[in-house]
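> Generate a structure from the sequence data that follows.
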Amino acid sequence: MLIRLSLAALVSSLAWAQTGAPSFEKGAYIVLEKAGCPACHNADGVAAGTRLLFPEGNVSPARVEAFGRSLVVLIDRVTPAKSPLLEKPTNRVSHVGGERIKKGSPEEAVLRGWVDRLSQLTGDDLAQALMYRDEEEGGGGRKPSRIELRRLTHSQYNNTMRDLLGDNSRPADRFPPEDFVNGFRNQIQAQGLSPLLIESYSQAAEKIAQSALRGGDTRGLIACKPSPACRAKFVREFGLRAFRRPLDLAEQRRYETLFGTEKEFLKGAQLVIEAMLQSSSFLFRLEDTSEAKWKAYATASRLSYGLWDTMPDAALFAAAEKGDLNNPAGVKQQVRRMLDHPRARQSLNEFISQWLRFDRILTASKDRRRYPQFTRETAVAMTEEARVFVSDLIWNESNFMELFTAPYGYVNGELAGIYQVAPPAQEFGRVSFPAGSERAGILGQALFLASTAKPDESSPTARGLFIREQFLCQHVPDPPAGVNTNLPPFSEGKPQTNRDRLSEHVINPGCASCHSLIDPIGFGFEKFDAVGSRRDKFTLETRGRGPEARDKKTKAWELEIDASGFVAGVANSKFASPAQLGAVLGQSSQCQECIAKQYFRYIAGRAETAADRPVIRKMTEDFRRSQFRFKELMMSLMLSRENSGGTVHVVRNHQAH
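Coordinates of the predicted model:
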């Protein structure tokens with residue numbers, strides 16, 4: 001059906017082109033692009049919830065024309081001059097992005113011409129114009145190509161070494177660090193093999209192989225008496241577990257030959273281990289395959305690394321061998337078993353730590369004079385509170401949207417002072433926030449408030465940006481090149497709050513379009529300082545500098561705080577505290593869908609595309625239907641084969657010498 005509609009849209013585009021009128025692609029589309037509209041009006045942009053979404057990726061001219069005609073939904077057919085498509089970008093009607101197209105300009109005239117043309121669509125032409133939107137909602141008829149191989153992340157490498165060889169030395173902790181892309185460290189586009197990483201793999205393989213058989217086979221890796229038959233058995237059985245699939249005949253022979261180059265049996269086994277640990281078949285994992293004989297093993301690998309962050313266990317290997325993973329019922333049975341295993345909890349901690357960016361607070365520094373209570377131990381406590389809090393919601397199957405509304409935290413001695421509560425009887429015990437604290441959920445916890453602040457002061461911009469990106473899945477464009485991002489320093493003659501100083505962002509057109517989307521969110525957190533302590537006044541201090549500083553007195557000002565904020569694009573979103581914004585996000589369909597997207601991105605190792613929309617939609621529906629049980633969200637994604645879509649990566653096999 002989608003193919004037929006696409007052909008119909010193409011025919012319609014050609015018919016329009018033959019009228020001699022200017023095309024959308026060469027006219028209004030260029031105007032909208034130059035105005036910067038696609039930066040926000042895309043599936044991950046801050047205007048993702050609007051009716052104007054630009055097509056993604058490289059699209060054909062016919063597709064661009066079809067998109068242009070689909071904008072008929074933004075046309076006032078009775079009074080075209082009052083159409084949102086014209087009035088929004090010119091800011092005649094209040095537009096969050098401000099004036100993008102100057103009133104009375106030639107660009108507006110071009111856009112007005114397209115508006116007039118769309119207002120005349122009728123009959124079949126109108127029906128064809130609306131088909132584009134139907135196709136986009138269904139993924140545009142596009143099917144994702146399969147990602148066949150994904151490199152083990154450092155976390156997965158460590159866990160696999162633990163379960164494959166009983167090695168708990170965490171060798172990957174000494175590998176080159178992984179970069180955050182799309183909010184996570186496991187994204188495919190950042191999983192290249194640098195020369196330094198290849199060298200690290202080689203060194204680790206040599207040390208681990210030596211350790212595995214040092215002093216004999218103390219770890220039970222060899223389940224037979226040394227002999228030629230045992231040699232073949234070891235290669236076959238260890239190879240199955242190392243490569244997460246059976247070896248083919250050529251591989252079996254090659255590793256048997258390598259084994260035979262050593263006279264001592266254990267040295268031969270050590271050489272095989274070292275070689276296999278440097279093979280791409282070990283370092284990269286199957287997500288899917290066209291090889292029928294390996295398909296069930298690819299499924300086992302997908303499930304194990306998705307839910308456990310490590311290699312399949314014996315039960316998964318057995319299910320793959322029997323073919324149980326070739327049908328949905330068998331997969332569902334394994335997923336339920338795996339979710340009940342402690343490894344699932346340990347694995348999800350990795351998702352939590354990356355999604356909430358634990359790394360930022362663990363590497364943060366704070367002004368020691370202003371915040372002497374902030375130490376390395378305090379930072380670790382902030383991450384632990386968040387981990388315990390989120391884990392409790394997930395594994396006790398609570399409503400996960402309480403992530404934003406729960407009136408409690410998990411406190412230890414380090415955090416009690418920040419929250420102004422008595423330390424609980426046990427470390428990270430559950431403690432209700434004081435009634436007047438205005439705290440709730442993750443937004444009221446020290447992790448969020450401190451990690452989105454500067455060393456010496458809060459940062460409304462950083463806090464607003466974090467909420468847009470992590471909890472609404474909206475990408476805010478980078479500032480234009482050459483824009484001065486430094487705020488004017490305050491002077492003794494004119495002490496100002498952060499809100500007053502950030503007013504420059506609203507006045508400056510180069511800043512306003514983006515900062516009007518993020519700063520108003522951050523203003524609602526201004527009653528919380530750079531470590532997350534509550535304050536009623538904004539305090540400014542000056543201290544003398546230089547050799548005579550000790551003779552100069554510190555001057556201080558206490559200013560009133562305006563903590564009113566709002567989330568542009570979210571209805572009824574005015575707030576003045578973390579608790580109030582938490583209530584808004586807890587009810588927001590955009591936030592609920594974003595949680596599904598974030599988990600998809602983490603598991604799939606990539607950002608979602610138009611072809612993934614049905615999967616994201618199904619995940620979100622299952623999430624809502626379950627009263628927001630996160631385990632059901634996990635189940636929904638794991639039962640969908642579509643999550644392995646993306647670009648096929650061809651990987652060279654890095655064998656040992």
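
> Identify the residues contacting stretch 464-471?
By CB atoms under 8 Å, 6 or more residues apart in numbering, the residues outside stretch 464-471 that reach it are 46, 183, 355-357, 404, 443, 448, 451-452, 474-476, 517-523, 567, 581, 585, 591, 594-595, 598. For glycine as for every other residue, the C-beta is placed from the backbone atoms N, C-alpha and C.

> typo on my end, stretch 166-184
So stretch 166-184 is contacted by 153-155, 157-158, 161-162, 185-187, 189-190, 194, 196-197, 200-201, 204, 207-208, 211-212, 219, 354-355, 357, 359, 469-470, 598, 601-602, 605-607 (CB under 8 Å, 6+ apart).

> redo that, cut-off 7 Å
Contact with stretch 166-184 is made by 153-154, 157-158, 161-162, 185, 187, 189-190, 194, 196-197, 200, 204, 208, 211-212, 219, 354-355, 469-470, 601-602, 607, as judged by CB atoms under 7 Å, 6 or more residues apart in numbering.

> about what we covered before: which of the contacts of stretch 464-471 fall in helices?
Residues of the contacts of stretch 464-471 located in helices (DSSP state H): 355, 448, 451, 517-523, 581, 585, 591, 594-595, 598.

> before we move on, back to that, select only the buried ones of the contacts of stretch 166-184 in ChimeraX?
Filtering the contacts of stretch 166-184 down to the buried ones (16 or more other CB atoms under 10 Å) takes a single ChimeraX command:
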select :153,154,157,158,161,185,187,197,200,204,208,211,212,354,355,469,470,601,602,607
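
> Look at Leu121 and tell me its secondary structure.
Under DSSP: H, G, I helix; E, B strand; the rest coil, the three-state class of Leu121 is coil.

> what's the neighbour count on it?
Residue neighbour count, defined by other CB atoms under 10 Å, stands at 18 for Leu121.

> Could you do Ala35 as well?
Neighbours around Ala35, by other CB under 10 Å: 18.

> about what we covered before: what is the nearest of the ones in helices among the contacts of stretch 464-471 to Ala298?
Using CB to CB, Gln598 comes nearest to Ala298 of the ones in helices among the contacts of stretch 464-471, at 24.5 Å.

> Next up, the contacts around that closest one.
355, 473.

> Now with 6 Å, please.
Trp355 (CB atoms under 6 Å, 6 or more residues apart in numbering).

> By pLDDT, give me the weakest of the ones in helices among the contacts of stretch 464-471.
Among the ones in helices among the contacts of stretch 464-471, Leu517 has the lowest pLDDT, at 86.

> what's the offset of stretch 27-46 from the middle of its chain?
Here stretch 27-46 is found 23 Å from its chain centre; the criterion is CA atoms, centre = their mean, to the nearest Å.

> just for the stretch 501-650 of the chain, where's the confidence low?
Low-confidence segments of the stretch 501-650 of the chain, defined by pLDDT under 70, span residues 504-513, 543-553, 641-650.

> Tell me where it has helices.
Counting by DSSP state H, counting those that start in this stretch, one finds helices in the stretch 501-650 of the chain at the ranges 503-507, 509-523, 578-587, 589-604, 613-625, 630-638.

> okay if I get the ones you listed as a markdown table plus distance to Glu414?
Below are the helices of the stretch 501-650 of the chain laid out as a markdown table (distance: least, CB to CB, whole Å):
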| stretch | distance to Glu414 |
| --- | --- |
| helix 503-507 | 35 |
| helix 509-523 | 25 |
| helix 578-587 | 20 |
| helix 589-604 | 28 |
| helix 613-625 | 34 |
| helix 630-638 | 27 |
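
> circling back to that earlier point, out of the ones in helices among the contacts of stretch 464-471, who's nearest Ala292?
Gln598 (33.7 Å).

> before we move on, the earlier item: tell me which of the helices of the stretch 501-650 of the chain lies nearest to Gly413.
Smallest distance to Gly413 across the helices of the stretch 501-650 of the chain (CB to CB): 22.7 Å, for helix 578-587.

> which parts of the closest one are buried?
Buried residues in helix 578-587, counted by 16+ other CB under 10 Å: 578-586.

> what is the orientation angle of it with helix 589-604?
Note on geometry: by axes from the mean of the first three to the mean of the last three CA atoms, to 10 degrees, helix 578-587 and helix 589-604 are set 70 degrees apart in direction.

> Output helix 578-587 as CSV, nothing but the C-alphas.
What follows is helix 578-587, C-alpha atoms only, in CSV (Å, rounded to 0.1, in the frame of the first residue of the first chain):
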residue,chain,number,x,y,z
PRO,A,578,11.4,21.3,40.5
ALA,A,579,8.3,19.8,42.0
GLN,A,580,6.0,21.8,39.7
LEU,A,581,8.0,21.1,36.6
GLY,A,582,8.1,17.4,37.6
ALA,A,583,4.3,17.4,37.6
VAL,A,584,4.3,18.8,34.1
LEU,A,585,6.8,16.3,32.7
GLY,A,586,5.1,13.4,34.5
GLN,A,587,1.9,14.1,32.5
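
> Would you mind pulling the contact partners of that helix?
Under the contact criterion CB under 6 Å, 6+ apart, helix 578-587 has outside partners 401, 404-405, 438-441, 443-444, 471, 524, 573, 575, 591.

> what about the strands in the stretch 401-550 of the chain?
408-411, 429-432, 537-542 (DSSP state E, counting those that start in this stretch).

> Tell me which residues are up against the last one.
The contact list for strand 537-542, computed with CB under 6 Å, 6+ apart, reads 495, 497, 554-559, 561.

> Leaving out sequence neighbours, find the closest residue to Ala344.
Residue nearest to Ala344 in three dimensions, not counting chain neighbours: Leu307, with 5.4 Å by CB to CB, 6 or more residues apart in numbering.
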